[in-house]
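S.K.: following is a predicted model, sequence given first.
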Amino acid sequence: QVQLVESGGGSVQAGGSLRLSCAASGYTYSRYCMGWFRRAPGKEREGVAAIDNYGSTTYADSVKGRFTISQDKAKNTLYLQMNSLKPEDTAMYYCAAKGGGGSCVVGYNYWGQGTQVTVSS
């Protein structure tokens, strides 16, 4: 069974940085996508960044140039480096995964429990 466990969230002032981690277990797909999503209070969940097994990445326009998604295949861990954080980045951040090919924007079927990121002005 696939398990995703996020860590690294916290509170930071605007302009600061955080690095989120997502430890994956039970994941045996050779082709896959892994991504970070977030949900702010009163808003719908949105995709933040995604990466596939080839290392190709996609980002939401709102985080381009500030966030970097990466993976350590040896450690089965996904990362999200967040720099120049803004108050509007405040949200619960979720790690997600899907097996097989196709778009890395939609279709995720494995989700972590989330880690809270709070950015104060």
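M.R.: Yep, that arrived.

S.K.: list the residues that contact the residue nearest to residue 109 when sequence neighbours are not counted.
M.R.: In space, and not counting its chain neighbours, residue 109 is closest to residue 98: 5.6 Å by C-beta to C-beta, 6 or more residues apart in numbering. The C-beta positions use only the backbone N, C-alpha and C, and glycine is treated the same way. By C-beta atoms under 8 Å, 6 or more residues apart in numbering, the contact list for residue 98 reads 32-33, 104, 107-110.

S.K.: among the residues you listed, which are in strands?
M.R.: Among the contacts of residue 98, the members found in strands (DSSP state E) are 32-33, 110.

S.K.: closest to residue 93 among those residues?
M.R.: Closest approach between the ones in strands among the contacts of residue 98 and residue 93, by C-beta to C-beta: residue 110, at 15.3 Å.

S.K.: list the contacts of the closest one.
M.R.: 2, 4, 27, 96-98.

S.K.: tell me the pLDDT at it?
M.R.: Looking at residue 110, its pLDDT reads 95.

S.K.: what are the bridge partners for it, then?
M.R.: residue 97 (DSSP bridges).

S.K.: could you check how far it is from residue 100?
M.R.: Using C-beta to C-beta, to the nearest Å, we find residue 110 at a distance of 12 Å from residue 100.

S.K.: give me the lowest-pLDDT entry from the contacts of residue 110.
M.R.: Among those, residue 27 carries the weakest pLDDT, at 77.

S.K.: just give the nearest non-adjacent residue to that one, would you?
M.R.: Nearest one to residue 27, counting by C-beta to C-beta, 6+ apart, is residue 2 at 5.1 Å.

S.K.: cool, residue 62 as well?
M.R.: residue 88 (7.7 Å).

S.K.: end to end on stretch 15-33, go ahead and measure it.
M.R.: For stretch 15-33, the first-to-last residue distance is 29 Å (C-alpha to C-alpha, to the nearest Å).

S.K.: what is the nearest of the ones in strands among the contacts of residue 98 to residue 82?
M.R.: Ranked by distance to residue 82 (C-beta to C-beta), the ones in strands among the contacts of residue 98 are led by residue 33 at 19.7 Å.

S.K.: hmm, back to that, in contact with the residue nearest to residue 27, which residues?
M.R.: Taking C-beta under 8 Å, 6+ apart, one finds 24-27, 97, 110 in contact with residue 2.
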